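> Here's a sequence, model it:
(chains A and B)
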Amino acid sequence: MASEMDLNFKRWIIAILSLLFLVALLVVAWVEGGKERVIQKPKPIMSGDSSKCFDCHMQKSPVIAEQWRDSKHAQMGVGCYECHKAGKDEVDAFLHEGKHIKTIVTPKTCATCHSDIAEEFDSSHHSKAAQFTGSLDNVLGHFVEGPLAEANGCWQCHGSNVALLKDDKGDIIRDENGKPKFDPLTWPNTGIGRVNLDGSKGSCTACHSRHVFSKAMARQPETCGKCHMGPDHPQIEIYNESKHGIAYRTQLDKMNLDSDSWIVGKDYSAAPTCATCHMSATPNQPTTHDVGARISWTLRPPVSTKLDNWEEKRNGMKDTCMQCHSPDFVNGFYKQFDDTIELYNTKFGQPATDIMDMLKERKLITRDPFNEEIEWTYFFLWHHEGRRARMGVSMQGPDYTQWHGFFEVAHRFYFELIPQAKELAHNDKEAMKFIEDILARPEHQWMNGISKEEQDKIYKFYMKRYGQKAN
Amino acid sequence: MFDKLTKWVLERAPVNTEELKHLSAEPVPNHLKRWWWCLGGTPAYLFIVQVVTGILLAFYYVPSFDHAYDSVRYITEEVPFGWWLRSVHKWSSIFMIMSVVLHTLRVFFTGAYRAPREFTWMTGTLLLGVTLMLGFTGYSLVFEQLSYWGATVAGNMAQAVPVVGELMARMLIGGEKIANNTLTRFYVLHAGVLPVAMVVLIFLHIVLIRVHGVSQFEFRDEKGTGKTFPFYPDHFYTELIMGVSLTILLTCFAIIFPAELGERANPLVTPAHIKPEWYFFFTFRWLKITGLTFAIISTGFFFFLMFIWPFIDALIRKFKPKSEISVWIGAFAFIGILILTIWEAVAEH
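Next up is the predicted model:
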């Protein structure tokens, strides 16, 4: 393409092209403008009713309004009114700015959109967490410690039976705006098994935290650790001690916790959290909100038992394990786990329980809980130390299995429970025989001294390791 | 007022404007009026675009293992106009490589490298090498999965060079595997060493062009006329039209095909398919069909032959004057590279 353009013509072309470049820059600025809108907080989608709530609450309670604006709900058009609206006949409904609303959003409300999840949750152990009224824990909280300890301790995890204050006539007490007053012992409460005024059980906010409704938060072990911690069920401490917890903390930035899809081995592979093993999806099974769906043993009672359909549940858990571990590893782990639980059951849990039942049977102690020292001893043995030992092995936390677990169980059994039981039975030959028969079992024979061979073996070990200092 | 100001400036900076006019109005051959002959100035212009956008990107880029990818993501998603700068930088690098290759082909097939312009050709081939290295180091700095593994392959290739390979690879990677040391090395090369080398080589290239003058081509319709025209303003305007057109084109490409960001580099997960940038497709395919060591040696030998081709051509023409065998060899080599490139592009593995 030969060109013999004259200079003036070239100048014109340059001028026109420069103008075109300016137009191109305007397009760039327009794209940039659009991009900025994306970077800024996305505009929430709101119904007219929710919009009114949002505008006012941005002034009155800006944090919850901001939290909601950052949430997925805000992008999906699920606003304040959509969740808080109430039928005027609902017991906790009240008129607010011309609309009937309620304070507490329950799983029944969440089920409007998340019905499958709500059903799974409703069939889970979590939803029944408040149904422990007859348990020893409840006796402790309610009677031994006091109702406020129960309300602020037990119920904040297990959930309260939400109640409204009523006057002598049985009518609901309301404030000057007609808003019903909650029984302050039962509300605020975000316990996972909360019994709500609409009859539903549970509290989604226990894990998903209103008004953020975060998937990421629910997937973090810290969320579970709010309740699954402490001397009687130290799951979070065990997890932190385990390799799983170490991997999680080391590789937190690779956990992809915010991802919509969260399938182990596909969307993340850095570490498992509580959710990974107990609830989240694998390539072979969907997410479940039934937290016990993959649990085969109950480690909660004095003597552990296998749960209904335990094989099926175990296969679910094994499938999760095998996303990272080989079948040999997983089967080996379960062999260790099962045998250790059997050890606890046969050596400590069952004998201690049998002794306690025998003492009650023979009226050597009363049937009232916690009014005799041996009942506290027994409670410590299975409820604290026994659970620590069993949960420690279930989640591969060696120190919780042994030092915080079996070591303390053994001490409690041999040097507190047995002496206390003997003291109570010292005038009852049959009771004493019952105890002696238990101690005569092979697993307790070490109390009578270990064999000469074993003694020699231990002596030689120490001599080899420490020399004369061993003496 | 303007005259006074000019006088004031000239008193303090006594530039001989007449001489400047004379210098810039150097007569250039008439064939430069043909658009095809703009390809020498095009890469120089694109290099300026690269420098300007590169400096702006460097304000935000962090050359460290932990932050490189995040800083590129930050540039792309959060810095005002960052996506545009990065896209223009990327597309101008691609255009630059294309124009340098086309310019090299034009010079080769028109025999413009022949005496006395051998050194001009040699500085040109070095400029081609520097351009490719700039492309490679720049791509690696993004630190996404493919660029990370591309750099890993490059490290392995360097290692395969006989005798000095181990040392070369260590120098390039800065350790056993790609880590912080690699990124700082690539960054220093990409933003310091190579651009400086480029400026020095461009300067030498232009000096040599000015010393020998632009090689004269006469087309059939202007044979024997020996026509020339002044560089400024005639050819300058042509280059300016090319420059502004390219700028518009770059912006269009940046808007329509903005630079994307792949998965974050993960040293633990090897992608199923590793591919370098398109301009290295031919070496990658050559490597796959011949084996690592042979591919490295043969590719190195190819570039060496290309570097000294003016002397080989002179030797051929000494024994066979007026021979155009170089054209046939060049065409054969170019078609070979093209086939390897297309092969790699369409092949899954």
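> so who does the one residue in the stretch 301-450 of chain A that gets nearest to chain B touch?
Sorted by distance to chain B under C-beta to the nearest C-beta, the residues of the stretch 301-450 of chain A start with residue A:324, at 13.4 Å. In this view, the C-beta of every residue, glycine as well, is placed from N, C-alpha and C. With contacts taken as C-beta atoms under 8 Å, 6 or more residues apart in numbering or on different chains, residue A:324 has the following neighbours: A:264-265, A:269, A:272.
> give me the element the closest residue to residue B:111 other than its chain neighbours is part of.
Nearest residue to residue B:111, sequence neighbours excluded (C-beta to C-beta, 6 or more residues apart in numbering or on different chains): residue B:326, at 7.1 Å. With secondary structure defined by DSSP states H and E, residue B:326 is part of helix B:325-346.
> Now do that helix, average pLDDT.
On average, the pLDDT along helix B:325-346 is 93.
> Show me what counts as buried in it.
Applying a neighbour-count criterion of 16 or more other C-beta atoms under 10 Å in any protein chain shown, the buried positions in helix B:325-346 are B:326, B:329-330, B:337, B:340-341, B:343-344.
> Now the two most distant members of these.
For the buried residues of helix B:325-346, the maximum inter-member distance is 26.8 Å, found between B:326 and B:344 (C-beta to C-beta).
> next structured bit after the longest helix seen in chain A?
Longest helix in chain A, counting residues (DSSP state H): helix A:7-39. Past helix A:7-39, further along toward the C-terminus, the next helix or strand under DSSP H and E is helix A:48-60.
> residues making contact with that next one?
Applying C-beta under 8 Å, 6+ apart, the set of residues contacting helix A:48-60 is A:44, A:46, A:64-66, A:68-69, A:79-82, A:84-85, A:97, A:99.
> mind running it again at 6 Å?
By C-beta atoms under 6 Å, 6 or more residues apart in numbering or on different chains, the list of residues contacting helix A:48-60 from outside reads A:46, A:65, A:79-81.
> show me the contacts for residue 341.
No chain in the question, so chain A it is. By C-beta under 6 Å, 6+ apart, the residues touching residue A:341 are A:297, A:304, A:390.
> hmm, I had chain B in mind actually
Listed by C-beta under 6 Å, 6+ apart, the contact partners of residue B:341 are B:281-282.
> Try it again at 8 Å.
With contact set as C-beta under 8 Å, 6+ apart, residue B:341 has these partners: B:278, B:281-282, B:285.
> what's the closest of those residues to residue A:371?
Checking the contacts of residue B:341 against residue A:371 with C-beta to C-beta, the nearest one is residue B:278 at 83.1 Å.
> since we're on the closest one, how many residues are nearby?
Burial of residue B:278, expressed as a neighbour count using other C-beta atoms under 10 Å in any protein chain shown, amounts to 15.
> how close does it get to chain A?
When distance is defined by C-beta to the nearest C-beta, to the nearest Å, residue B:278 is 25 Å away from chain A.
> gap between that residue and residue B:151?
Taking C-beta to C-beta, to the nearest Å as the measure, residue B:278 and residue B:151 are separated by 16 Å.
> what does residue A:331 give?
Using C-beta to C-beta, one obtains 42 Å as the distance from residue A:331 to residue B:151.
> Neighbour count for the two, which is higher?
Each of residue A:331 and residue B:151 has its neighbours counted (other C-beta under 10 Å); residue B:151 has more, 24 against 14.
> The more buried one is in contact with residue B:140, isn't it?
Yes: Residue B:151 lies in contact with residue B:140 (C-beta atoms under 8 Å); the separation is 4.2 Å.
> shared neighbours, those two?
Residues touching both residue B:151 and residue B:140 by C-beta under 8 Å, 6+ apart: B:182, B:186.
> pLDDT weak spots in the stretch 1-150 of chain B?
Scanning the stretch 1-150 of chain B for pLDDT under 70 picks out B:31, B:33, B:35-36.
> Can you pull the residues of chain B lying near chain A?
Residues of chain B that fall close to chain A, judged by C-beta under 8 Å from any C-beta of the partner chain: B:33-36, B:77-78, B:80-81, B:83-84, B:219, B:233-234, B:237-238, B:240-241, B:244-245, B:247-248, B:251-252, B:254-255.
> Give me the local confidence score for residue A:5.
63.
> Also residue A:196?
Model confidence at residue A:196, expressed as pLDDT, equals 95.
> residues near it, how many?
When counting by other C-beta under 10 Å, one arrives at 22 neighbours for residue A:196.
> now the one 3 residues further on
The tally of other residues near residue A:199 (other C-beta under 10 Å) stands at 8.
> ok, now which ones touch it?
With contacts defined as C-beta under 8 Å, 6+ apart, residue A:199 is in contact with residue A:108.
> Residue A:155 versus that one, what's the distance?
18 Å.
> next one: residue B:103
79 Å.
> Turn the contacts of residue A:341 into JSON lines, columns for neighbour count.
Below are the contacts of residue A:341 laid out as JSON lines (neighbours: other C-beta atoms under 10 Å in any protein chain shown):
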{"residue": "A:297", "neighbour count": "18"}
{"residue": "A:304", "neighbour count": "21"}
{"residue": "A:390", "neighbour count": "28"}
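> which ones among those are found in helices?
Of the positions in the contacts of residue A:341, residue A:390 sit in helices, assigned by DSSP H.
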